[in-house]
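[1] I would like the atomic coordinates for the input below:
(one chain, ligands or ions: 1)
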Amino acid sequence: MMSTDAQAAIARLRDSGLLKSKGLVGGKWVDSYDGKTVQVQNPATGDVIANVPCMGKRETDDAISSAYNTFYSWSKRTASERSKCLRKWYDLIVSHKEDLALLITLEQGKPLKEALGEVSYGAAFIEFFAEEAKRIYGDIIPPTSSDRRLFVLKQPVGVVGAITPWNFPLAMITRKVGPALACGCTVIVKPSEYTPLTALAAADLALQAGIPPGALNVVMGNAPDIGDSLLQSTQVRKITFTGSTAVGKKLMAGSANTVKKVSLELGGNAPCIVFDDADLDVAVKGSLAAKFRNSGQTCVCANRILVQEGIYDEFANALTKAVQNLQVGNGLVEGVVQGPLINEAAVEKVEKFVNDATSKGANVILGGKRHSLGMTFYEPTILGNVNSEMLVSREEVFGPVAPLLPFKTEEEAIKIANDTNAGLAAYIFTKSIPRSWRVSEALEYGLVGVNEGLISTEVAPFGGAKQSGLGREGSKYGIDEYLELKYVCMGNLEA
Ligand code: NAP
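    Coordinates of the predicted model:
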C-alpha cells in the first residue's frame, strides 16, 4: 500500500501518467511472468512509492528479442531521422523536468534542486548526441595501389545492455542511451531496483518522442538473472555498465564468452589535494561541492582530502564552518542540501569507516554519527588526521564524510593520491600554474579538476583509469563505444 505521504508527493506530479510501474518491453508496459514485484521506497521516509515487476531471465530475453528485431529498422533510418527523435525526447525531458526531478527526489533522496540539476545534466546528453548522430563520419584512406579505394565505415555495434546505478537515476541512463540510439543501436536498460521510476518515466517520454517500440526497453528486478541473460545472449553485442567495481569485474568476465564490447564506469577513490598556495575560499567551495554533492554518493566525490601542513588548520576551520551550514533533511523541503543515504547498508558502511578511522587515531572535527532525523540520515562529518592506512582512505566511503589527510610536499601528495587501484576523478587546489600542470599530468586519473569541484559535463569525456573503468562517456569520444569500424577495400577499379 502506498502511504498517504507518498500519495501526497505523487499528487504533485503535473503529469501523473509519468508514474509507470511496469517494465517496458517492445513498446508495451508489462508485468513479470510470475507476477512478483519489488517495492520502491522513499529513503527519506520509508514510504512505499510504487511496486514494480521483479523481472528476470524470461522478461530480459523478450527485451533482447525485441531490441534485436528493432535494430534492423532503427539502424537503417537516416542519421537525421534518429537525431530528430532524440531532439524531441530532449525537449520532452526538459518540459517535464519538474516531474522527473520529483521522482528522483522521491526514490533516491537527493534534494529537489539537485535533482533538477540532474535532469538538466541528463537531458544534455540526449541533446548532445542528437547533434552527434549527424557527425558519425568515416574515413577515406589513400590507397596503396591505384586500382583500389579504401574506406572506413562506422556502424552501430548492435543491441546494447545498459546497467545503471541508483545515484543518478536519470543521467547514468541518458549518458548511455543517448549515444547508443544516436548511432543506430537499440538498448535494454536495467536501472537499479532502488530507482526504476525515473528510468520508466524517461522511457515513456522516449516513446512519446517517436523513438520506436523496441528501440528502448526497460527491465528491472533480479539483477544477477537479468545480467546473466544479457551476458549469455549472442544478440547483445555490447555491455555498458555504471556501478561498483566488484559487479563491473563480473560483467567484464561474463562478457568474455560471447566477446562483447564492454565499457565500465566503476568506483573511484578521488583525492582532493589542497596546497599551501591555494586560494582558501576557492578550495573550501570546491572541496565542499566535490565531497558533499548527493550526500557524498557519487563516484567522483572527493574521498580523501589531502591538505598541506601550512594551510591545514586554516582549511579545516573554514571547511567546518561551511559544513556546519549544510541543512539535512527530506529533499522535498526547501533549503535542504543533504538528503538521506540510499539504504541502511550505506549508513552501516559509513559507521564502519568512521569507527575504523577513529580507532586508528583520526579525530572527529564535526558530525561522526547518525543524524537525529533517524532513517538513513547521517551527519555531515569531517575527520582530522586521517592517514592512508585507514579504511576511509582505501575505499569509497560513499557518504557525507570528509577525511582530512595532512601532507608535507607535492611529491608526497602525488604518491598518496596515486596509491590506490582506483583512478576516476582527482581535484587539486593551487594558485600556481606550473604546479597545476605538473600535478595534473602526474595524477593517474581519468578526470582532473583544477580549482574546481564540479567538472562533469556532457561535452567532456568522462571515465576512469586503472580499475575505475574502461571507455569514456559523453563528448565526441562517447559515441565510439557504440560503433564498430568496418574497413572496405574496393579493388580492380581499373579493370
Ligand atoms: P552496484 O551494486 O554495482 O549496482 C549497479 C547496477 O548493477 C544496479 O543496477 C544493480 O542492480 C546491478 N547489479 C548488481 N549486481 C549485478 C549482477 N550480478 N549482474 C548484473 N547487474 C547487477 O553499484 P551501486 O551501489 O548501485 O552504485 C554505486 C557504485 O557505482 C559506486 O561504486 C560508484 O562509484 C559507482 N558509480 C560509478 C560511476 C562512474 O561513472 N564511474 C557513476 C556512478 C556510480 P540492483 O541495484 O537492482 O541490485
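
[2] now the helix or strand where residue 426 lies: mean pLDDT?
    Using DSSP states H and E, residue 426 maps to strand 425-429. For strand 425-429, mean pLDDT rounds to 98.

[3] try stretch 280-299
    For stretch 280-299, mean pLDDT is 98.

[4] can you check stretch 15-25 too?
    Across stretch 15-25, pLDDT averages out at 97.

[5] ditto for stretch 97-106
    Stretch 97-106 carries an average pLDDT of 98.

[6] How about residues contacting that stretch?
    6, 9-10, 12-15, 18-19, 42, 49, 93, 110-112, 115-116, 118-120, 123, 169-170, 195, 197-198, 201-202, 331-332, 339 (Cβ atoms under 8 Å, 6 or more residues apart in numbering). (C-beta placed from N, C-alpha, C; glycine too.)

[7] hmm, back to that, summarise which helices and strands the strand holding residue 426 is packed against.
    strand 270-274, helix 280-292, helix 433-442, strand 447-450 (3 or more Cβ pairs under 8 Å, 6 or more residues apart in numbering; DSSP states H and E).

[8] Strand partners (parallel or antiparallel) of the helix or strand just after the last one?
    It refers to strand 447-450. Downstream of strand 447-450, the next assigned helix or strand under DSSP H and E is strand 469-470. Neighbouring strands of strand 469-470 in its sheet, by DSSP bridges, are strand 261-265 (antiparallel).

[9] Buried ones in stretch 52-65, by neighbour count?
    Buried residues in stretch 52-65, counted by 16 or more other Cβ atoms under 10 Å: 52-57, 59-65.

[10] cool, and stretch 268-283?
    268, 269, 270, 271, 272, 273, 274, 275, 276, 278, 282, 283.

[11] what does the model give the residue lying closest to the fifth one once chain neighbours are set aside for pLDDT?
    Read it as residue 272. Leaving aside its sequence neighbours, residue 272 sits nearest to residue 302 (Cβ to Cβ, 6 or more residues apart in numbering; 3.6 Å). Model confidence at residue 302, expressed as pLDDT, equals 98.

[12] Assign residue 376 to helix, strand or coil.
    coil (DSSP: H, G, I helix; E, B strand; the rest coil).

[13] typed the wrong thing, it's residue 228
    With three-state DSSP as the basis, residue 228 sits in helix.

[14] The one 3 residues further on now?
    Following three-state DSSP, residue 231 is assigned to helix.

[15] Distance to residue 236 added to the helices and strands packed on strand 425-429, as JSON lines?
    Output for those, formatted as JSON lines (distance: least, Cβ to Cβ, whole Å):
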{"stretch": "strand 270-274", "distance to residue 236": "32"}
{"stretch": "helix 280-292", "distance to residue 236": "35"}
{"stretch": "helix 433-442", "distance to residue 236": "37"}
{"stretch": "strand 447-450", "distance to residue 236": "29"}
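
[16] Go through the buried residues of stretch 52-65 and flag which are in strands.
    Among the buried residues of stretch 52-65, DSSP state E puts 52, 53 in strands.

[17] The residue nearest to residue 178 when sequence neighbours are not counted: neighbouring residues, count only.
    With Cβ to Cβ, 6+ apart as the criterion, residue 178 has its nearest non-adjacent residue at 3.7 Å, and that residue is residue 129. If you count neighbours by other Cβ atoms under 10 Å, residue 129 ends up with 28.

[18] Can you tell me how far residue 129 is from the ligand?
    Between residue 129 and the ligand the computed distance is 17 Å (Cβ to the nearest ligand atom, to the nearest Å).

[19] Tell me which residues touch that residue, please.
    So residue 129 contacts 86, 178, 179, 181, 182, 478, 479 (Cβ under 8 Å, 6+ apart).

[20] Which one of these is nearest to the ligand?
    For these, the residue nearest the ligand by Cβ to the nearest ligand atom is residue 478; the value is 11.8 Å.

[21] That closest one contacts residue 459, correct?
    No: using Cβ atoms under 8 Å, residue 478 is not in contact with residue 459, being 9.9 Å away.
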